[in-house]
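In: Got a sequence here, can you model it:
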Amino acid sequence: MSRLAIFGASGHGKVIADIATKLGKWLEIDFFDDRYPKITKIGPWSIIGNSDSLKEYLGFYSGVIIGIGDNSVRNQKHNLFSSIGAKLVNIIDPSANISSFTCLGTGVVVMPGAVINIGAKISDACIINSNSVVEHDCTLNRSAHLSPGACLAGGVTIGNRSWIGAGSVVRQCITITDDVVIGAGSVVVNNIDESGIYMGTPVTKLKK
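Out: Residues are numbered from 1 along each chain as shown. Next up, the predicted model:
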C-alpha cells in the first residue's frame, strides 16, 4: 500500500482518484492544486497544497500523476515534475482491456471500458478516456487525449497534445499532427497536417 499524489483538482483528477481507489493499492490519495488554499476539498479527498508543496513533499509519495484534462497544461506539469524526480505512474481502470503487446509511457490514464490493442504505443501523459478504442499499431504521442467513445482504427498516429473529441472516428492509417482538436462526433478520413480545430463528417478546419 502506497501514497498517491494527484496534481490538479479537476473533474479529470477526481476520476483518477476514483480509479486509484478501485485499484486498492494506494493507502492514501492527496490532491495538490495551485488554487489552494482557496479550495481544500474535491469530492471525498483533501487538497493539501500547491505545486511548491508537492515539490517539497515528493519523497512522501510513491506515485504522482497529473490530473489535468487540458493537454498543454498537463504536458507542462508532467515535464516539470518529471524533471525533479517525481515517481510518475500510470492509473489504469481494472475494466480496461489492454494488450500485453502494447507500450505505455508514464503518467498515462486509461479509463473504464477502454480498449488498447496489440502494437499500440501510448506516450507519456496521454489520456485514454472511457470506452474509447485504440486499435492495433496506433501511436499516441505526448499528452494526446482521446475523449469518451473515440475510436482510432488501425495504424493511426496522433500528434503531441492533440485531442480527439467524444464519439469521433479516425480512419485507419491516418496521421494527425500536433496541437489539433477534433470536435465531438466527427469523422477523420484524410491526414491532418496543420494544427487547429476540426469538425464535421468528414472534418473540415474551422476558420479563426
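In: what's the most centrally placed residue in the chain in contact with, if anything?
Out: Residue closest to the mean C-alpha point of the chain, counted by Cα atoms, centre = their mean, is residue 127 at 2.0 Å. Residues near residue 127 by Cβ atoms under 8 Å, 6 or more residues apart in numbering: 12, 69, 74, 108, 109, 111, 144, 145, 146. The C-beta positions use only the backbone N, C-alpha and C, and glycine is treated the same way.
In: Then residue 35?
Out: 9, 47, 50 are the contacts of residue 35 under Cβ under 8 Å, 6+ apart.
In: Around the spatially closest residue to residue 153 that is not a sequence neighbour, how many other residues sit close by?
Out: Using Cβ to Cβ, 6 or more residues apart in numbering and skipping the chain neighbours, the partner closest in space to residue 153 is residue 172 (3.8 Å). Using other Cβ atoms under 10 Å, residue 172 is surrounded by 14 other residues.
In: now the one 5 residues further on
Out: Each residue near residue 177 was counted by other Cβ under 10 Å, and the total is 17.
In: ok so, going back, from the contacts of residue 35, list the buried ones, please.
Out: 9, 47 (16 or more other Cβ atoms under 10 Å).
In: can you put the contacts of residue 35 in CSV and add pLDDT, secondary structure and distance to residue 120?
Out: As requested, the contacts of residue 35 are exported to CSV (pLDDT from 0 to 100; DSSP: H, G, I helix; E, B strand; the rest coil; distance: Cβ to Cβ, whole Å):
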residue, pLDDT, secondary structure, distance to residue 120
9, 96, coil, 30
47, 98, strand, 34
50, 97, coil, 35
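In: Can you lay out the contacts of residue 35 as CSV showing distance to residue 119?
Out: CSV is the format used below for those (distance: Cβ to Cβ, whole Å):
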residue, distance to residue 119
9, 36
47, 39
50, 40
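In: Distance of the residue nearest to residue 153 relative to residue 61?
Out: 40 Å (Cβ to Cβ, to the nearest Å).
In: Please apply the same query to residue 151.
Out: 35 Å.
In: swap in residue 147?
Out: For residue 147, the distance to residue 61 - Cβ to Cβ - is 28 Å.
In: Equivalent analysis for residue 137, please.
Out: 35 Å.
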